[in-house]
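In: Please work out how this folds:
(4 chains)
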Protein chains: 4
Amino acid sequence: MQNRKIRLGIVGATGYVGMELCRLALGHPNFELTALCSRSYAGQTFSSIYPAFRGILDLTLTEATPDDLAEKCDVVITALPHGVSAKIVPQLLETGLMVLDHSGDFRFHNVDIYEKTYKLTHPHPELLKQAVYGLPEWHREALKDAPLIANPGCYPTCTVMALAPLAAADLIDTSVPCIVNAVSGTSGAGRKSDPTYNLAEMGGNFKPYGVVGHRHTPEMTEQLRELTDQRIPLTFTPHLLPIGRGMLATIYVKPNDAGRQRCADGSLPALFKETYETEPFVRVLNEGDVPSIAAVAGTNFCDLAVTYDPSVDLIKLFSAIDNLGKGACAQAIQALNVRLGLPETAGLEHIALGL
Amino acid sequence: MQNRKIRLGIVGATGYVGMELCRLALGHPNFELTALCSRSYAGQTFSSIYPAFRGILDLTLTEATPDDLAEKCDVVITALPHGVSAKIVPQLLETGLMVLDHSGDFRFHNVDIYEKTYKLTHPHPELLKQAVYGLPEWHREALKDAPLIANPGCYPTCTVMALAPLAAADLIDTSVPCIVNAVSGTSGAGRKSDPTYNLAEMGGNFKPYGVVGHRHTPEMTEQLRELTDQRIPLTFTPHLLPIGRGMLATIYVKPNDAGRQRCADGSLPALFKETYETEPFVRVLNEGDVPSIAAVAGTNFCDLAVTYDPSVDLIKLFSAIDNLGKGACAQAIQALNVRLGLPETAGLEHIALGL
Amino acid sequence: MQNRKIRLGIVGATGYVGMELCRLALGHPNFELTALCSRSYAGQTFSSIYPAFRGILDLTLTEATPDDLAEKCDVVITALPHGVSAKIVPQLLETGLMVLDHSGDFRFHNVDIYEKTYKLTHPHPELLKQAVYGLPEWHREALKDAPLIANPGCYPTCTVMALAPLAAADLIDTSVPCIVNAVSGTSGAGRKSDPTYNLAEMGGNFKPYGVVGHRHTPEMTEQLRELTDQRIPLTFTPHLLPIGRGMLATIYVKPNDAGRQRCADGSLPALFKETYETEPFVRVLNEGDVPSIAAVAGTNFCDLAVTYDPSVDLIKLFSAIDNLGKGACAQAIQALNVRLGLPETAGLEHIALGL
Amino acid sequence: MQNRKIRLGIVGATGYVGMELCRLALGHPNFELTALCSRSYAGQTFSSIYPAFRGILDLTLTEATPDDLAEKCDVVITALPHGVSAKIVPQLLETGLMVLDHSGDFRFHNVDIYEKTYKLTHPHPELLKQAVYGLPEWHREALKDAPLIANPGCYPTCTVMALAPLAAADLIDTSVPCIVNAVSGTSGAGRKSDPTYNLAEMGGNFKPYGVVGHRHTPEMTEQLRELTDQRIPLTFTPHLLPIGRGMLATIYVKPNDAGRQRCADGSLPALFKETYETEPFVRVLNEGDVPSIAAVAGTNFCDLAVTYDPSVDLIKLFSAIDNLGKGACAQAIQALNVRLGLPETAGLEHIALGL
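Out: Model prediction:
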């Protein structure tokens, strides 16, 4: 597998996730882009839509058919709306293709939670048991032979990376809800034709949205439930930032007695450093430092900081990622690296532009 | 007319020009908004589209009919695409309404130039002779009893304000083309549902567009022709800025002998200061100062600077406006103030936010 | 007092607060700017620092002396760092001037809390009892004859406006800390010469700061304590936004039994609407709507929304202001309007630019 | 040299140019950063100033001494102010180090032009003859054994890349000045502690600066003179953009008869395509396409387009680069690749983030 390139196809290639996947695949030593599919733009070249790729990726977009993809590709990444993926992914799997899906359609093991969350009937609930949630830091072993990878949501990634060390060490008072207050760049909404995302309307703006019952809430809860015996109640409030890329979650957690002990003796940062010690894409900051979006934009890093406010007995967690990086595409490549037995950092050694 | 409010209707009220007109009309001591028309949003409230107006302008949008407008309004401003205005404005005029139009449909006296520029047959060429170009600094007298006001384009305003003093004083070498290099915030494109205007794609971006043969070029040329005996050849290159509002033109002019004399004796800035001495909305800067968009955004000001580069014998002019202010809506109010015999600065005494 | 203008002086006129005060004073029917003081820029004109004011406010900056100000002004606004105000304000008061101060030096009644918060010894603790906290919605009566007005902090304004209705109606479970997660534009840091605020480093960035023990926390707690019998525990986390102006707080509150009842019967929004029914600058949004910074930037509005997440039994409050508007300068003018017996909205009827 | 890493030192490592050099060197297969020098920040770690480099480049900054650098490095890049470089570079060269300098101190062959432009006496004019201007597309051969590389200025790079094909083919009417109207992100000003570069003041702003006699003008003229027999008169007007990175020049050129012929027969784009056919970092766009900053930010690309406006007989050229990429650091790495016999694209295969 080191000798020849892995042939990669992307379905839904002209959205922002598709675009970023192309950027990453082109810089990856082991991937070769062999199919870019788009219903709306079939027949046009990729670079005519994204001029940054002129002379680099002038491939013509095609309509996706499973047989065609099976012939041209070894691996297919689907970047499609939920509901659409649920129909197409099974067809791709049937041809024997390895598939990583970006939608919410395969992120839940429990079909009831999926159907309640997405208000859809899942056409292939049997696949939910086989799909592996593509967060390598917490599901690395299962990913190694996953038949189907369900790429995590951006907000759940940002949140779970911060909460998991506390949950796994059983330091959270689960009688008190965790509060996840998060912000995202507008690329998270996708390539929308909607003037409310126009530079003129969103530049200089900031606003909450989906303030109760956002779909990513049960995804966070389910992921945390797998790491601890208890259900951690959680509320999540997303906000839109006047930037293209980047996400930051500020999370408030009530410690239980064991947690409070670690807060008191100052060993919480050490817990995070130990948990993620060998992880190439997690940077636990020193006390007094805080993450920033500029330090992670364009990368697969998750920057984490933890502090304790004794006046109210609350742990504050800060987690920063690029919503298109660790929150979507770079994480997808990381998961595929694991799945394919490649070095986990292959093609992912970017440093943020900084400015 | 000082005793009661002038009833104002806006047709095309939900575009950016419509929105800014509402903002200005609400702060004007003599106007009362009595009709807001929109085909796409009829039945919705204005503030549901523009939340800045919540509790201030909750009027319901309606479909425009001439009779309805004639009953509810004294003055109507049309903010419609070219071609559409040409059909509706004559109907409004027939009811006896005073009309100011924002499109290009009534800006030319010569129907041939209009039809060549807009590639349309004008349905009412007779109106072209009656319409007055709404640039008060240069057409104030004609505006006072104009039956129809054609609001100038944003780029022509920015350009003509800078070039007119030189043209009127016959200081330009008309054998050499003037070069107008201009930039505009994205609101100039209107409230488009097009992802290329998304914050994600335009934030941090800058690019030229319409680089040869932009429609505003003949409008500039025609306006300048009225101020001098000769045709001034001119090329115009617009660029898109990663901001919502604001426009700046950098203009290169070859002086004739008389012009070169004024460059040599340093009296060019004085010419501009004298030309615009009594104008409330033109600020000619001192030598060494340059205009900036931040100093004019949100206002009706046109900030001008002039300098001379002796190494190449070229005059450089800098002109900054808000494309929605002096470039569209504030200028429209200024023209209506003149037309209605109101103080010309009424409702227009804004200072730029600065930050 | 309606017949002649009130002569206004600003000490610390070249900071962002000073600049915005000038903008507002110039648009106010009753104020006349008679003294602009700045230690660093004395001798320069105001408009040489802020070109938006060219031709509008070309006053020369001077060094402030109490006698000079007493002669030239009726009212003085001090926009100075804490510690500096504490020394100068008493001297100004002694001359008989009416004073509004923007620093934290006179916001606490209890000198111990001030000294602990600001780590300074207060030179004039006796003034703390006389100073009135300049939040008109909650201290209007006291403001009417206040000898000294302490302008509220931006974050406390944004937070207290949202929490006060719940606190005053005793609907908060005070055994659970309120969580205040807030974001601010960079103008909140003042006119700093620090590259970390450069466009190059902050554009496209977002980050928390002062994450434990920010000075505004006790100011919030003290203000809420005055409205209810109990101390409401509270943690506050500020973040820096990549915009110049604007602030939004997202606040999480545990209701007590009475509060939960109002959440259950859906009458929480009504409580907010009733509380602020007659307030000209508070807009309580309808259910389903959320505030945005773009809707309040450049204005004195505070836009509020309230919702309830039954899954975790938490009230979520959203409060948006302009940190330089209701968060500083416009609020200062509002308080002075109250103090001087002027219409409370005089000079403050701005609508946000929207774009 | 392929076997071991080339040891690289950077003097002036904490400016924006230094930062970007670090980012590029870390991603380069043949470089190893062995010395980062900074007078102001000596003793601190690089990543404490640029958090994007946490865990990646935690090297401690030191004060630069030639002996120390000679011991630790094979190659040194100086990113220092002009005047300072002129003193330090000769000391570095004396130790036998290979040096690339980012200042203007070694860009001119003619000391008189340097001294007139920079208003300094050059302490080592003899080096001006030896230094090679580091624009590989036009000086590749000379670079291969250059004792000292003078890295081009950002504006001259952007301009010369566009004008050189016309100049080299002798298609310019040199009796008419070329007009270079250019815009740059604020990182071009360096890491300034000056509030006029603050996000609050520059976000949403745009303004010209240095409008007559900018230092980069003679650099452009001298470079073009080397490619053709005639002096091409030229005026240059830079403007500041509200973004961190990126530069775009719009250039107006009068063709001579031969040039006009190529304009008439539509073969101008072909000339550009042929000229740069084998260049890995120059993308000549198809007719109708225009460059944009978003397509080149973060890369070493120079995107070029050419069009002709027959109405005024002028060629319009558009050239886009990243001022820190092809305009500074990436170009420096490209020149070093040439100098060191490495593949010219080594470490430079970035694709713009696109959003």
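
In: Would you check that A:Lys207 makes contact with C:Asp289?
Out: No. Here A:Lys207 lies out of contact with C:Asp289, judged by C-beta atoms under 8 Å, at a distance of 10.3 Å. No exception for glycine: its C-beta is placed from N, CA and C like everyone else's.

In: Identify the residue nearest A:Cys13 in space, chain neighbours excluded?
Out: For the record, residue A:13 is Ala, not Cys. A:Leu36 (3.9 Å; C-beta to C-beta, 6 or more residues apart in numbering or on different chains).

In: And that neighbour, its phi and psi?
Out: With angles defined as degrees, to the nearest 10, A:Leu36 sits at phi -120, psi 120.

In: which residues does it contact?
Out: A:9-10, A:13, A:18, A:22, A:46, A:57, A:59-62 (C-beta atoms under 8 Å, 6 or more residues apart in numbering or on different chains).

In: which residue ranges form the helices in the stretch 201-350 of chain A?
Out: Per DSSP state H, counting those that start in this stretch, the stretch 201-350 of chain A carries helices over the ranges A:216-225, A:257-264, A:268-275, A:330-340.

In: so A:Asp67 sits right up against A:Glu94, yeah?
Out: No. Counting by C-beta under 8 Å, A:Glu94 is not a contact partner of A:Asp67; they are 10.3 Å apart.

In: which parts of the stretch 151-300 of chain A sit against chain D?
Out: Contact residues (C-beta under 8 Å from any C-beta of the partner chain) of the stretch 151-300 of chain A with chain D: A:187, A:203-204, A:244-245, A:283, A:285, A:289, A:292, A:294-298.

In: nearest to D:Thr237, of those residues?
Out: A:Gly203 (25.7 Å; C-beta to C-beta).

In: Run a quick neighbour tally on the spatially closest residue to A:Thr250 that is not a sequence neighbour.
Out: The spatially closest residue to A:Thr250, leaving aside those adjacent along the chain, is A:Asn181, at 4.9 Å (C-beta to C-beta, 6+ apart). Neighbourhood size, A:Asn181 [other C-beta atoms under 10 Å in any protein chain shown]: 25.

In: just A:Ser40 next, same as before
Out: A:Ser40 has 12 neighbours, counted by other C-beta under 10 Å.

In: how is chain A carved up into domains?
Out: Chain A breaks down by automatic domain parsing into domains covering A:6-130, A:155-323.

In: And the last one, end to end?
Out: Think domain A:155-323. By C-alpha to C-alpha, to the nearest Å, the extent of domain A:155-323 from end to end equals 8 Å.

In: which stretch among the helices of the stretch 201-350 of chain A comes nearest chain B?
Out: Nearest to chain B among those is helix A:330-340; the distance by C-beta to the nearest C-beta comes to 17.1 Å.

In: And the closest one, what does it pack against?
Out: If contacts are counted by 3 or more C-beta pairs under 8 Å, 6 or more residues apart in numbering or on different chains; DSSP states H and E, helix A:330-340 sits against helix A:16-26, strand A:75-78, strand A:98-101, helix A:136-143, strand A:148-150.

In: Could you list the alpha-carbon positions for that helix in PDB?
Out: Only the C-alpha atoms of helix A:330-340 are listed here, as PDB (Å, rounded to 0.1, in the frame of the first residue of the first chain):
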ATOM      1  CA  ALA A 330      -8.500  16.900   8.500                       C
ATOM      2  CA  GLN A 331     -10.100  14.600  11.100                       C
ATOM      3  CA  ALA A 332     -11.500  12.500   8.200                       C
ATOM      4  CA  ILE A 333      -8.000  12.100   6.700                       C
ATOM      5  CA  GLN A 334      -6.700  11.300  10.200                       C
ATOM      6  CA  ALA A 335      -9.300   8.600  10.600                       C
ATOM      7  CA  LEU A 336      -8.500   7.200   7.100                       C
ATOM      8  CA  ASN A 337      -4.800   7.200   7.900                       C
ATOM      9  CA  VAL A 338      -5.700   5.000  10.900                       C
ATOM     10  CA  ARG A 339      -8.000   2.800   8.900                       C
ATOM     11  CA  LEU A 340      -5.400   2.400   6.100                       C
END
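
In: Could you give the separation of that helix from the chain centroid?
Out: Centre-to-centre, helix A:330-340 and its host chain are 11 Å apart (C-alpha atoms, centre = their mean, to the nearest Å).

In: what comes up buried for it?
Out: By 16 or more other C-beta atoms under 10 Å in any protein chain shown, the buried positions in helix A:330-340 come out as A:330-340.

In: what separates stretch A:262-277 from the chain centre, distance-wise?
Out: How far stretch A:262-277 lies from its chain's middle: 25 Å, per C-alpha atoms, centre = their mean.

In: which parts of it are buried?
Out: A:262-263, A:268-269, A:271-273, A:275-276.

In: The stretch 251-355 of chain A: strands as residue ranges?
Out: A:282-284, A:302-309, A:314-321 (DSSP state E, counting those that start in this stretch).

In: Of these, flag the one that's most buried.
Out: Among the strands of the stretch 251-355 of chain A, strand A:314-321 has the highest mean neighbour count (mean count of other C-beta atoms under 10 Å in any protein chain shown), at a mean of 26.

In: Describe which strands that one pairs with in its sheet and in which direction.
Out: If you go by DSSP bridges, strand A:314-321 pairs up with strand A:247-253 (antiparallel), strand A:302-309 (antiparallel).

In: Format those as JSON lines; extra columns: mean pLDDT and distance to B:His350.
Out: What follows is the strands paired with strand A:314-321, written out as JSON lines (pLDDT from 0 to 100; distance: least, C-beta to C-beta, whole Å):
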{"stretch": "strand A:247-253", "mean pLDDT": "98", "distance to B:His350": "35"}
{"stretch": "strand A:302-309", "mean pLDDT": "97", "distance to B:His350": "42"}
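
In: Distance to C:Cys302 added to those strands, as JSON lines?
Out: Output for the strands paired with strand A:314-321, formatted as JSON lines (distance: least, C-beta to C-beta, whole Å):
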{"stretch": "strand A:247-253", "distance to C:Cys302": "22"}
{"stretch": "strand A:302-309", "distance to C:Cys302": "26"}
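
In: Select, out of these, the one closest to B:Phe31.
Out: The closest of these to B:Phe31 is strand A:247-253. By C-beta to C-beta, the value is 44.2 Å.

In: Quick check: longest helix in chain A by residues?
Out: For chain A, the longest helix by residue count, based on DSSP state H, is helix A:154-168.

In: List the buried residues of it.
Out: A:154-167.

In: And chain B, is it touching that?
Out: No. On the criterion C-beta under 8 Å from any C-beta, helix A:154-168 is out of touch with chain B, staying 13.9 Å away.

In: which is the next helix or strand following that helix?
Out: strand A:178-184 (DSSP states H and E).

In: Output the contacting helices and strands for that following strand.
Out: Helices and strands touching strand A:178-184, by 3+ C-beta pairs under 8 Å, 6+ apart, are helix A:154-168, strand A:234-240, strand A:247-253, strand C:178-184.

In: ok, A:Ser103 to A:Thr65 distance?
Out: The gap separating A:Ser103 from A:Thr65 is 19 Å, by C-beta to C-beta, to the nearest Å.

In: which residues does A:Val132 contact?
Out: Contacts of A:Val132 by C-beta under 8 Å, 6+ apart are A:139, A:142-143, A:146, A:148-150.

In: re earlier: okay, the helices of the stretch 201-350 of chain A in a markdown table with mean pLDDT and distance to A:Leu80 next?
Out: A markdown table is the format used below for the helices of the stretch 201-350 of chain A (pLDDT from 0 to 100; distance: least, C-beta to C-beta, whole Å):
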| stretch | mean pLDDT | distance to A:Leu80 |
| --- | --- | --- |
| helix A:216-225 | 94 | 17 |
| helix A:257-264 | 97 | 40 |
| helix A:268-275 | 97 | 33 |
| helix A:330-340 | 98 | 13 |
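
In: near chain C, from the residues of the stretch 151-300 of chain A next to chain D?
Out: A:203-204, A:244-245, A:292, A:294, A:297.

In: Closest to chain B out of those?
Out: A:Gly244 (4.0 Å).

In: Now do the residue located most distally from the centre of chain A, the pLDDT please.
Out: Each residue of chain A has a distance to the centre, and by C-alpha atoms, centre = their mean the biggest one is for A:Ser311: 33.8 Å. Listed pLDDT for A:Ser311 reads 95.
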